[in-house]
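Colleague: attaching a predicted model along with its sequence, questions to come.
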Protein chains: 2
Amino acid sequence: MSIPSATQDSYPYQDEPTWSRLEKAVARTAFDAALKRELHEVMQEAKRMANQINEPADLWDLEHFLNQRRKEIDRKYDYRYSRLTQVLGRLLYEGRVSEEELSGLREDKLKLIRSFAEFLAKDAA
Amino acid sequence: MSIPSATQDSYPYQDEPTWSRLEKAVARTAFDAALKRELHEVMQEAKRMANQINEPADLWDLEHFLNQRRKEIDRKYDYRYSRLTQVLGRLLYEGRVSEEELSGLREDKLKLIRSFAEFLAKDAA
């Protein structure tokens, strides 16, 4: 019977990039702006759907739409630094943040963000 | 160790009223009309709420409203003959069906329906 020895080598976050104060500010601004725009889209779509309600099924379609969008937005906008390159990569891929909004991030972050956006583009193709 | 003997005495539905063909038609018409009116109210309220959406919280309030109303309506409009005097009693109590709409039901049903409506009124007081 072997007992595994405790080890520091496998600390899972050792390769994670660190975020400077400036980078955090840039990321937060881009993240918040994208979230605000996406919520605005949902508000517009909900109003449009509500205006076209003619029968009960339309009500439950609206409920389902709101439920799905809320869950999707909750999942997508995860502001943890351990997740942030993927989150910003997805927003870049979806056209919800621009390269300009990300200027100020160091090249190591930008490479990871672009790389994840490219991965999603290929994955969707 | 005693084994209970099988008995027909406790058959739970023995006191349930039976519904004639005419009574079923009257009940169905009243039930469907109340459901249609209640769904119409929800549609109007959903449109009103959607028009007043100004911020994300309003979206999730609308989702919650639709979710609650759907569940409540599903529970309330239970068209089983074993439940129908209580269902119609509740609709009478809520002013969603009128005594006129129930005319054609036999007095045994009307008594049960009115009695349940009165119980709900006392219970809410």
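Modeller: Sure thing, it's come through.

Colleague: surely residue A:47 is in contact with residue B:48?
Modeller: No - the pair residue A:47 / residue B:48 is not scored as a contact, 11.5 Å apart, by CB atoms under 8 Å. Using the backbone N, CA and C atoms, a C-beta is placed for each residue, glycine as well.

Colleague: who's more crowded, those two?
Modeller: residue A:47 (17 against 10; other CB atoms under 10 Å in any protein chain shown).

Colleague: can you report how many residues lie near the closest residue to the more buried one other than its chain neighbours?
Modeller: Computed as CB to CB, 6 or more residues apart in numbering or on different chains, the closest residue to residue A:47 that is not its neighbour in sequence is residue B:50, at 5.1 Å. Counted with other CB under 10 Å, residues neighbouring residue B:50 total 20.

Colleague: who touches residue B:50 in this structure?
Modeller: Going by CB atoms under 8 Å, 6 or more residues apart in numbering or on different chains, residue B:50 touches A:46, A:47, A:49, A:50, A:51, A:62, B:62.

Colleague: ok, now with 7 Å
Modeller: A:46, A:47, A:50, B:62 (CB atoms under 7 Å, 6 or more residues apart in numbering or on different chains).

Colleague: residue B:53 is in contact with the first one, correct?
Modeller: Which is residue A:46. Yes - counting by CB atoms under 7 Å, residue B:53 is a contact partner of residue A:46 at 6.3 Å.

Colleague: one step back: taking the contacts of residue B:50 together, which two end up most distant?
Modeller: Within these, two members stand farthest from each other by CB to CB: A:47 and B:62, at 9.9 Å.

Colleague: quickly list what's touching both of those two.
Modeller: Common neighbours of residue A:47 and residue B:62 (CB under 7 Å, 6+ apart) are B:50, B:53.
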